[in-house]
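**Student:** Got a predicted model here, sequence first, then my questions.
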Amino acid sequence: MSKLGICALVLLLAACTGGPESGKASATPNTDRFAAAPTNQRAQASLADGTGRSVGLVTFSEDRVGVRVDISVLGLPPGTHGWHVHAVGKCDGPAFTTAGAHYNPNNRTHGELSPTGPHAGDLGNFVVNSDGRGSGTFVTPLLSLAPGSPYSVSAAGGLAVVIHANADDERTDPSGNSGDRIACGVIKVIGG
């Protein structure tokens, strides 16, 4: 039998042979193995404004695509706000300068629109409505929740999430012209 014939036979056998549920058809493919979290770690950051008032929560979860970062706020000024993971897990108000610069283990420039970016901590923008409520989601392969990963949110003694007063233009180094820091929360691992 020729190599082409052997290849055709192998493909035919692969198509006809199923796993433990052989013979059963499924309308939806089983993606659990792909999307399953590589770790059972979770993390969160409770946000406070410059006066210490609680204004929201950021949660982190991980799957095979990356780390999903969700934010929910109440009591922030309406408008579009940049949000970033910062390199120091310290949130001393009112200016939150203790959170340091954006988390940037790869020494890139700021922003998704920068040809040499982004920082690992760049999370884009989210919108706060006129009632002070806002939410957003960002998925990034540049962060990890895995213990010991060089991109872990618990790296270097911990990181923080900072909310800025203005929108992030996603290209201007070092912070996208996003303005003052108006809220901050230290990231804490809560699972595992």
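**Tutor:** Perfect, I can see it now. Numbering: from 1, shown residues only.
**Student:** Compute the mean per-residue pLDDT across stretch 180-192, please.
**Tutor:** Averaging pLDDT along stretch 180-192 yields 88.
**Student:** ugh, typo on my part, it should be stretch 138-153
**Tutor:** The model assigns stretch 138-153 a mean pLDDT of 85.
**Student:** end-to-end on it?
**Tutor:** With CA to CA, to the nearest Å applied, stretch 138-153 spans 15 Å between its terminal residues.
**Student:** what sits up against that stretch?
**Tutor:** Outside stretch 138-153, the residues within contact range by CB atoms under 8 Å, 6 or more residues apart in numbering are 38-39, 41-43, 60-62, 65-69, 83, 85, 103, 105-106, 118, 120-121, 123-124, 154-155, 159, 187, 189, 192. For every residue, glycine as well, the C-beta is placed using N, CA and C.
**Student:** in it, what's buried?
**Tutor:** F138, T140, L142, L143, S144, L145, A146, S149, Y151, S152, V153 (16 or more other CB atoms under 10 Å).
**Student:** Among those, which lie within strands?
**Tutor:** Residues of these located in strands (DSSP state E): F138, T140.
**Student:** Include distance to D169 when you put the buried residues of stretch 138-153 into CSV, please.
**Tutor:** Output for those, formatted as CSV (distance: CB to CB, whole Å):
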residue, distance to D169
F138, 16
T140, 18
L142, 19
L143, 21
S144, 27
L145, 29
A146, 31
S149, 29
Y151, 24
S152, 28
V153, 25
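**Student:** hang on, the earlier thing: make a PyMOL selection of whichever of the contacts of stretch 138-153 turn out to be buried.
**Tutor:** Selecting the buried subset of these in PyMOL, with 16+ other CB under 10 Å as the burial test, is done by:
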select buried, resi 39+41+42+43+60+61+62+67+69+83+85+103+105+118+120+121+123+124+154+155+159+187+189
